[in-house]
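Engineer: Sequence and computational prediction follow.
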Amino acid sequence: MPRTPLYLITDYLLPQMRVLLAKRLRREGYSQLRIAQLLGVSQPAVKNYLSEDEEEVLRKLEGYGISRDEVEGYVDELVRVITAHDVPSAMSYVTRWSLRVLSSLRLCDFHRAIDPEVPKSCDVCKLLYVKDELQELNDAAALLSNELITPLIPEVLSNLAYAKENAETINDVAAFEGRITKVRGLPTPASGPAWGASVHLAKVLLKVMKRDRMTRAVMNVRYDEVVTRTVKALGLTFAVAGPQDWASDDEIAEAVYRAFSPGTEVVFHLGGKGLEPVTYVFGPNPIAVIKKVLEIGRKYRELIESEKAENNTKSSP
C-alpha cells in the first residue's frame, strides 16, 4: 500500500526548507545557537544545514516541483515570523503552505517516481487545501511594511488586489479596505482585505485576466522617470498605456488591457488631465507581486542615491 502523501512534506520538503532557513538566518547575522533555537533543532543539526550546498538544495526542490520564486517567498515570510517569535503564525503558515503545495498536485510526479504503487490517476491531494485569497493577502501584507516600498506609494495611495481563479465580477477580487497608506514612514494597509474593496484595481485585473488567467494579482505604485529606468534595469517585461484625460475606471482598465499581453509584469499608465500617472505591477499571487515591488524599490533607491552622489560631485568646488 502506498504511503500517505503527507510524508512528502515531512521527509522531503521541510528538511530542505530548513537548510535554506538556516542559511538565510546565518547571513542575517544569527549565531548557530540562536538559529537552532528559532528552528527548534539541535546546534549540530544547524551546523550540518550550513554545510549543505544551497544550489543543490534549490535544484532538489525544483525536482519536487517547487519553483525558486516560491521557495524564496516561503523563506522570506517564515524568517519574518520566526524572528518575531510568533510561533502560532509560523505553525499556521507552514501548515497552510504545505497543504497548498500538495493540493496543487505539483508533487505528484516526484511521488510516483519514488513510489511506483501510486496510480497515475491519483489526485487525492487536490481537496486538502481550500484556497483562501484573503489570508494570502494578509501574508503579503507582512512583507509590505518595508522602507524600500515607501517611496513608491503614490499620491492616490496604493492597493494590492487578488482575484479568484475564475473571477467574473468586482466582488470576486479582494483588496485592502481603505488602501495602503504610510504609517510612521512605512507602507501599511488601512484595514484588512475584503472582497470588492478596490473597484479600480478589480476592473483592471478582470480585464487583464481575459488575456492571461495566470495573472491574478496587481499592485499600483508611483510612476516617474526613475521608476521607468528601474523597471528597465531589472529586465521586467513592461507595456505603456495612456495618456488619457479625465478617464473613468472602465476606460483605464480598457487601456491597460489593450497594452497588456500574457507575461507582462508591469504596465505604466501615463495619466492625463485629472489623472495621476501610475505603475501597475502584476503577478500570479500577492507574494509574487510584493517581491517584484521590493525589487523595484531596492533598485529605485540605488538609482536615486547614485544620482544624488553624482550631483554632489558636480557641485563640489
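Structural biologist: In hand now; what should we look at? Numbers count the residues shown, from 1 in each chain.
Engineer: going forward, measure contacts and count neighbours with C-alpha atoms only.
Structural biologist: Fine.
Engineer: show me where the chain has strands.
Structural biologist: Here the chain has its strands, by DSSP state E, at 160-163, 173-176, 180-183, 186-189, 193-195, 217-222, 238-241, 266-269, 278-283.
Engineer: Deepest-packed of these, please.
Structural biologist: Each of those was scored by mean neighbour count; the highest is strand 160-163, a mean of 31, by mean count of other CA atoms under 10 Å.
Engineer: coming back round to it: between the strands of the chain, which gets nearest to residue 150?
Structural biologist: When those are compared by CA to CA, strand 186-189 sits nearest residue 150, at 5.7 Å.
Engineer: can I get the strands of the chain in TSV with mean pLDDT and distance to residue 298?
Structural biologist: Shown next, in TSV, are the strands of the chain (pLDDT from 0 to 100; distance: least, CA to CA, whole Å):
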stretch	mean pLDDT	distance to residue 298
strand 160-163	96	19
strand 173-176	95	24
strand 180-183	90	18
strand 186-189	90	15
strand 193-195	93	26
strand 217-222	96	14
strand 238-241	95	18
strand 266-269	96	16
strand 278-283	96	15
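Engineer: Could you export the ones you listed to a markdown table, including columns for distance to residue 9?
Structural biologist: Conversion of the strands of the chain to a markdown table gives the following (distance: least, CA to CA, whole Å):
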| stretch | distance to residue 9 |
| --- | --- |
| strand 160-163 | 27 |
| strand 173-176 | 30 |
| strand 180-183 | 35 |
| strand 186-189 | 33 |
| strand 193-195 | 29 |
| strand 217-222 | 27 |
| strand 238-241 | 37 |
| strand 266-269 | 34 |
| strand 278-283 | 26 |
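Engineer: Looking at those strands, spot the one closest to residue 147.
Structural biologist: The nearest among the strands of the chain, by CA to CA, is strand 186-189 at 5.7 Å.
Engineer: partners of the closest one, with directions?
Structural biologist: As defined by DSSP bridges, the strand partners of strand 186-189 come to strand 180-183 (antiparallel).
Engineer: How far does the strand it pairs with sit from its chain's centre?
Structural biologist: Chain-centre distance of strand 180-183: 19 Å, with CA atoms, centre = their mean, to the nearest Å.
Engineer: ditto for stretch 154-165
Structural biologist: 13 Å.
Engineer: what sits up against it?
Structural biologist: Stretch 154-165 is contacted by residues 133, 137, 172-176, 179-181, 189, 198, 201-202, 205-206, 213, 216-223, 276, 278, 285-286 when judged by CA atoms under 8 Å, 6 or more residues apart in numbering.
Engineer: go again using 7 Å as the cut-off
Structural biologist: For stretch 154-165, the external contacting residues (CA atoms under 7 Å, 6 or more residues apart in numbering) are 133, 172-176, 179-181, 201-202, 216-222, 285-286.
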